[in-house]
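> A predicted structure for the sequence below; I have some questions about it.
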Amino acid sequence: MNIPQKLTIASRESALAMWQAEHIQAKLQALYPSCTVDILGMTTQGDQILDKTLSKIGGKGLFIKELETALQENRADLAVHSLKDVPMDLPEGFVLVAVGERANPFDALVSNRFERLEELPEGAVVGTSSLRREAQLRARFPHLQVKPLRGNVQTRLAKLDNGDYDAIILAAAGLERLQLHGRIRNLLPPSDSLPAAGQGALGIEIAAHRTDLVDILLPLNHAQTAACVTAERALARALGGSCQVPLGAYCTADEYGLLTLHGLVAHPDGSVVMTANAQAPAPYADALGRAVAKKLSDDGAREVIAAVLSETH
């Protein structure tokens with residue numbers, strides 16, 4: 001294996017994205033002490049357009065497009081992403097080469113006044129940027145007002161602190177990575193808020209022609225997380241999952257490698273929530289995702305998704 005003299009990581013410039021890039025940078029430097037690992041910070045379209053919800057401006061791919069251009073033009077060798085921001089189908093010419101060990105996969109309640117969602121009074125305003133979270137909130141707590149919330153973690157916390165919201169829901173992993181554990185009032189169990197496919201895991205993307213990087217980056221792959229994420233992403237892919245559709249997918253593995261996958265499709269107003277689950281050994285992760293997607297489809301998930309998409313266009 002030829003160790004390169006230098007590797008460049010493409011990353012968004014938000015504090016959380018930079019933490020993720022620095023985390024991978026440190027791992028690579030520990031693996032290959034003779035290699036210089038740099039970070040190329042970039043601002044993406046998703047970071048620039050903050051006055052509209054993601055589902056209205058083209059989805060999560062807006063967070064990675066510029067990074068992929070840098071990979072294509074050889075300005076960077078690899079890109080580090082929060083996996084829940086990576087579209088289920090990568091554009092042609094790109095591959096996910098490794099999945100890092102998963103951090104906290106759950107959603108977190110952040111509030112300055114309330115410890116639990118159950119404590120929020122009628123009409124209280126909850127902020128979230130995710131249709132998946134919104135649908136589950138509305139289904140369980142129809143008396144709450146759910147309002148859009150965009151921006152990086154610090155921006156969202158500032159809006160809460162300004163009194164714009166009574167509570168907000170964020171990914172726990174992001175708060176923990178930024179040493180903001182103290183802001184978490186409550187972790188929402190999957191029964192209350194099923195996570196997004198890949199939530200809490202980091203994905204490492206390269207241009208498909210860079211086969212020289214595969215063996216170098218493979219030690220960053222965490223097999224159990226990769227299997228779980230493969231199942232989650234296969235489910236979302238089979239149902240045409242994007243941030244325009246309220247879709248949850250969460251997979252766990254036991255000590256014997258048996259995967260259990262839970263899937264959810266809902267209408268954003270919470271009027272319809274469908275769930276399904278199944279189990280399979282880790283080597284069948286992709287088939288497991290498709291099997292749970294079929295269960296949801298048989299219950300009418302595709303009709304719900306079609307209705308949601310026709311309403312947003």
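Thanks, I have the structure now.

> now the helix or strand harbouring residue 286, how far from the centre of its chain.
Assigned by DSSP states H and E, residue 286 falls within helix 285-298. The offset between the C-alpha centroid of helix 285-298 and the centroid of the whole chain comes to 19 Å, using Cα atoms, centre = their mean, to the nearest Å.

> how about that helix: buried residues?
Going by neighbour count (16 or more other Cβ atoms under 10 Å), the buried part of helix 285-298 is 285-286, 288-297. (Glycine included, C-beta is placed from N, CA and C.)

> that helix - contacts with which helices or strands?
Applying 3 or more Cβ pairs under 8 Å, 6 or more residues apart in numbering; DSSP states H and E, one finds that helix 285-298 makes contact with helix 223-238, strand 247-253, strand 258-266, strand 273-281.

> can you add distance to residue 120 and give these back as CSV?
CSV is the format used below for the helices and strands packed on helix 285-298 (distance: least, Cβ to Cβ, whole Å):
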stretch, distance to residue 120
helix 223-238, 29
strand 247-253, 21
strand 258-266, 20
strand 273-281, 19
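
> present the ones you listed as a markdown table; the columns should include mean neighbour count and mean pLDDT.
Output for these, formatted as a markdown table (neighbours: other Cβ atoms under 10 Å; pLDDT from 0 to 100):
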| stretch | mean neighbour count | mean pLDDT |
| --- | --- | --- |
| helix 223-238 | 24 | 97 |
| strand 247-253 | 26 | 97 |
| strand 258-266 | 23 | 97 |
| strand 273-281 | 17 | 97 |
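
> among the ones you listed, which is nearest residue 94?
With Cβ to Cβ, the closest approach to residue 94 among the helices and strands packed on helix 285-298 belongs to helix 223-238: 14.4 Å.

> need the contact list for residue 120.
Under the criterion of Cβ atoms under 8 Å, 6 or more residues apart in numbering, the contact partners of residue 120 comprise 111, 114, 126, 141, 144, 166-167.

> in TSV: the residues you listed, plus neighbour count and pLDDT.
Output for the contacts of residue 120, formatted as TSV (neighbours: other Cβ under 10 Å; pLDDT from 0 to 100):
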residue	neighbour count	pLDDT
111	22	98
114	18	97
126	24	98
141	18	96
144	19	97
166	20	98
167	25	98
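
> widest-spaced pair of those?
That would be 111 and 141, which, of these, are the farthest apart (Cβ to Cβ) at 13.4 Å.

> tell me which residue lies nearest the centroid of this structure.
Centrality entry for the chain: nearest residue to the mean C-alpha point is residue 84, 1.7 Å, by Cα atoms, centre = their mean.

> mind checking the SS state of that residue?
Put simply, residue 84 is helix when judged by DSSP: H, G, I helix; E, B strand; the rest coil.

> so for residue 129, what's the pLDDT?
Reported pLDDT at residue 129 in the predicted model: 84.

> over to the one 5 residues further on?
The score at residue 134 is 95. That number is its pLDDT.

> same question for residue 87.
89.

> what's the separation between it and residue 96?
For residue 87, the distance to residue 96 under the criterion Cβ to Cβ, to the nearest Å works out to 11 Å.

> how many residues are close by residue 23?
Neighbourhood size, residue 23 [other Cβ atoms under 10 Å]: 15.

> now the helix holding residue 286 against strand 258-266, angle please.
If you take axes from the mean of the first three to the mean of the last three Cα atoms, to 10 degrees, helix 285-298 sits at 30 degrees to strand 258-266.

> how close does residue 168 get to residue 148?
Here the criterion is Cβ to Cβ. By it, residue 168 lies 11 Å from residue 148.

> out of the two, which sits in the busier spot?
When residue 168 and residue 148 are compared on other Cβ under 10 Å, the one with more neighbours turns out to be residue 168, at 23 against 16.

> any idea what that one is bridged to?
Beta bridges link residue 168 to residue 110, residue 127, judged by DSSP bridges.

> quick one: contacts for the nearest residue to residue 210 once chain neighbours are set aside?
By the measure of Cβ to Cβ, 6 or more residues apart in numbering, the closest residue to residue 210 outside its immediate chain neighbours is residue 77, 6.8 Å from it. For residue 77, the contact set (Cβ under 8 Å, 6+ apart) comprises 4, 7-9, 71, 206, 210, 213.

> let's go with 10 Å and repeat that
Residue 77 sits next to 4, 6-10, 37-38, 40, 70-71, 206-207, 210, 212-213, 216-217 when contact means Cβ atoms under 10 Å, 6 or more residues apart in numbering.

> mark which of these are part of strands, please.
Counted as lying in strands by DSSP state E, out of the contacts of residue 77, are 6-10, 37-38, 40, 206-207.

> buried subset of those?
Neighbour counting over the ones in strands among the contacts of residue 77 (16+ other Cβ under 10 Å) leaves 7-10, 37, 40, 206-207 as the buried ones.
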